[in-house]
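build me a structure from this.
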Amino acid sequence: MTEPIIIQGGMGAGVSNWRLARTVSRMGQLGVVSGTALDTILVRRLQDGDPGGAMRRSLARFPVPEIVQRILDKFFVPGGKPAGRPYKAIPMYTLDPPTELLELSVAANFVEVDLAKAGHKGLVGINLLEKIQMHSLAALYGAMLAKVDYVLMGAGIPRAIPGVMDQLVEHQAVSIKAHVVGAGPDDDFRVHFDPKKVLKDALASIKMHRPKFLAIVASNVLAITLAKKASGKVDGFVIEGPTAGGHNAPPRGEKQLNEKGEPVYGAKDEVDLEGIKKLGLPFWLAGSFGGPEKVKESLTAGANGVQVGTAFAYCAQSGLASEIKAQVLRKAKAGLARIFTDPMASPTGFPFKVVELEGTYSEVDDYQGRTRVCNLGYLRTPYKKADGTADYRCASEPLKEYEKKSGDLAETVGRKCLCNGLMANIGLPQLYPSGDVEKPLVTSGDDVKYVHRFLAEGKETYSAGDVIRNLLGLVKAAPLAV
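As a prediction, this is how the structure comes out:
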């Protein structure tokens, strides 16, 4: 398998959708879908009437028709739900989720990869977050059912996942140790997944193949650890710097904030590429590599190429709402696009890059006017209760609930509900009986200030193809740095 030069970043939730990944893959590069919250995204698309029918066409290819029928009976609304009616919710994940939720997660990840792979022989990957442990096994299996070619995982240390992939190829039951706050050395909280409980008799006719596994890392130590101590084969790395969008690794040096209140990164956060090369595995560079000169720079440094997210986020095929794309492109052209690396916004504790946009939760007043609610739960943290069992809390949930769960209220200061904000980004905001509607919370890398460089003269939009041709040096463009 020839390695791609360009990996299109897996931006969640739903920004790196099947349409974007499919377009990139058809052009000979690695198109990647985000695996974050695909169960919620699928059921909301169905409740909106599945315009164009893509969800139902792919579900028809899912190997267990009974599961598909249950999903359609519960969530599909012909013509779409009435305006103003809230979306029907799905259960939040726990360490022991109901079978119906596992079925939905497997089917949703199957659908997104299946649609991305339809009609061509290009490469398709899925991006998963190690931080979202309770969802990852079902999501991974659904993607593998659809014959995903690459699995990319960051936001943690995914040592167990390569071995899990080896087992899932054989439809074996798998488990990973769960990160549970307050757990002691003798505790063994685990996330389990058994394909037989979901697909049952259909397993006999399904032949799987193992995708390649790329770990997304921000340090030599982590790369070396995974290369030598992962439970199975690691096939390469994406080396991601602190200017990349979404969650960033915390600084490794002395914790300092700049005059804007952003984390300060220094020499200790730089990756030694010579050390990475000694591992003998393919690697790609990420974080402000969205220009042809940066592609050349990466190849000269010995990398196989680059991973680029932000440039693709604002192209016509991405899942971002059209009004968000238009506002960001206008700001970029006017030199007004701004990023704030917020050290507090994410309930995960990782710094999170936020695009400063009017009418979104990036504005303090907008967010402070929001009623705190946790109804999606993708970033909930398991914790050990006094009776030895696990419960779940999120630093963005209502304060009384967090305190009731033995949470320290100091941990809630500045936290934002990323789950609902990211759903609003892709035009699937939750509506409430009060009339309130969740607002977007947009994340991008520092390169957002340059995305207008992909616009042709007189045009207001650009395509994923425009980005790829630019990155490969096939069209002239303004320099990345100004």
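
could you point out which element follows the helix or strand of the chain with the lowest mean pLDDT?
Here the helix or strand of the chain ranked lowest by mean pLDDT, DSSP states H and E is helix 364-368, holding a mean of 82. Once the chain leaves helix 364-368, the next helix or strand it forms, by DSSP states H and E, is strand 381-384.

so which elements touch that next one?
Applying 3 or more Cβ pairs under 8 Å, 6 or more residues apart in numbering; DSSP states H and E, one finds that strand 381-384 contacts strand 390-393. C-beta: built from backbone N, CA, C; applies to glycine.

now residue 125, what's its secondary structure?
Three-state call for residue 125 (DSSP: H, G, I helix; E, B strand; the rest coil): strand.

report the contact partners of it.
7, 10, 21, 30-33, 148-152, 211, 214 (Cβ atoms under 8 Å, 6 or more residues apart in numbering).

same thing but at 7 Å, please
Residues counted as contacts of residue 125 (Cβ atoms under 7 Å, 6 or more residues apart in numbering) are 30, 32, 148-152.

same list (those) but as JSON lines, adding pLDDT and secondary structure.
JSON lines is the format used below for these (pLDDT from 0 to 100; DSSP: H, G, I helix; E, B strand; the rest coil):
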{"residue": "30", "pLDDT": "98", "secondary structure": "strand"}
{"residue": "32", "pLDDT": "98", "secondary structure": "strand"}
{"residue": "148", "pLDDT": "98", "secondary structure": "coil"}
{"residue": "149", "pLDDT": "98", "secondary structure": "coil"}
{"residue": "150", "pLDDT": "98", "secondary structure": "strand"}
{"residue": "151", "pLDDT": "98", "secondary structure": "strand"}
{"residue": "152", "pLDDT": "97", "secondary structure": "strand"}
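
go through these and name the one nearest residue 382.
residue 151 (23.2 Å; Cβ to Cβ).

thought the closest one was touching residue 123?
No: at 12.0 Å, residue 151 does not count as touching residue 123 under the criterion of Cβ atoms under 7 Å.

need the longest helix for this structure.
Counting residues, the longest helix in the chain under DSSP state H turns out to be helix 99-117.

which residues touch that helix?
18, 21-22, 25, 31, 33, 35, 38-39, 41-42, 54-55, 58-59, 61-62, 67-68, 71, 90-91, 93, 124, 126, 135, 138-139, 141-143, 145-148, 193, 197-198.

between the contacts of residue 125, which has the most around it?
residue 32 (31 neighbours; other Cβ atoms under 10 Å).

help me confirm that that one comes into contact with residue 12.
No: applying Cβ under 7 Å as the test, residue 32 and residue 12 come out as separate, 10.6 Å apart.

ok, the residue of the chain most remote from its centre to residue 407 distance?
The centre of the chain is farthest from one residue, residue 387, which by Cα atoms, centre = their mean lies 34.0 Å away. In this structure, residue 387 and residue 407 are 17 Å apart, going by Cβ to Cβ, to the nearest Å.

go on, residue 442?
Residue 442 is 27 Å from residue 407, by Cβ to Cβ.

with neighbour numbers in mind, choose between those two.
Neighbours were counted for residue 442 and for residue 407 using other Cβ under 10 Å; residue 442 has more, 27 against 19.

got the phi/psi numbers for the closest residue to the more buried one other than its chain neighbours?
Leaving aside its sequence neighbours, residue 442 sits nearest to residue 355 (Cβ to Cβ, 6 or more residues apart in numbering; 4.2 Å). Backbone geometry at residue 355, expressed as degrees, to the nearest 10, gives phi -80, psi 130.

ok, residue 355 touching residue 363?
No: using Cβ under 7 Å, residue 355 makes no contact with residue 363, being 11.3 Å away.

show me which of the two is the more surrounded one.
Each of residue 355 and residue 363 has its neighbours counted (other Cβ under 10 Å); residue 355 has more, 25 against 14.

give the contact list for the more buried one.
328, 339, 362, 442-444, 448.

do that again at 10 Å, thanks
Going by Cβ atoms under 10 Å, 6 or more residues apart in numbering, residue 355 touches 245, 310, 313, 324, 327-328, 331, 337-340, 362, 425, 440-445, 448.

any common contacting residues for residue 32 and residue 12?
residue 127.

just the CA atoms of stretch 331-338, as CSV, please.
The C-alpha trace of stretch 331-338 is given here as CSV (Å, rounded to 0.1, in the frame of the first residue of the first chain):
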residue,chain,number,x,y,z
LYS,A,331,-12.8,37.3,8.6
ALA,A,332,-9.7,35.7,7.1
LYS,A,333,-9.9,37.9,4.0
ALA,A,334,-10.2,40.9,6.2
GLY,A,335,-7.3,39.8,8.4
LEU,A,336,-9.6,39.4,11.4
ALA,A,337,-9.6,35.7,11.9
ARG,A,338,-8.5,35.0,15.5
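
give me the buried positions along it.
Across stretch 331-338, burial judged by 16 or more other Cβ atoms under 10 Å covers 331-332, 337.

repeat that for stretch 270-283.
271, 273, 276, 279, 281-283.

of the contacts of residue 125, closest to residue 97?
Nearest to residue 97 among those: residue 151, at 20.7 Å, using Cβ to Cβ.

residues near the residue nearest to residue 398 when sequence neighbours are not counted, how many?
Leaving aside its sequence neighbours, residue 398 sits nearest to residue 372 (Cβ to Cβ, 6+ apart; 4.5 Å). Neighbours of residue 372 under the rule other Cβ under 10 Å: 17.

what about residue 372, distance to residue 95?
In this view, residue 372 and residue 95 are 24 Å apart by Cβ to Cβ.

and if you look at residue 68?
27 Å.

repeat for residue 74
Distance from residue 74 to residue 95, by Cβ to Cβ: 24 Å.

do the same with residue 411
21 Å.

ditto for residue 162
22 Å.

what do you get for residue 65?
Taking Cβ to Cβ, one finds residue 65 at 29 Å from residue 95.

the two - which one has more neighbours?
residue 95 (16 against 11).

ok, the more buried one touching residue 392?
Yes: with contact defined as Cβ atoms under 10 Å, residue 95 reaches residue 392; the gap is 8.7 Å.
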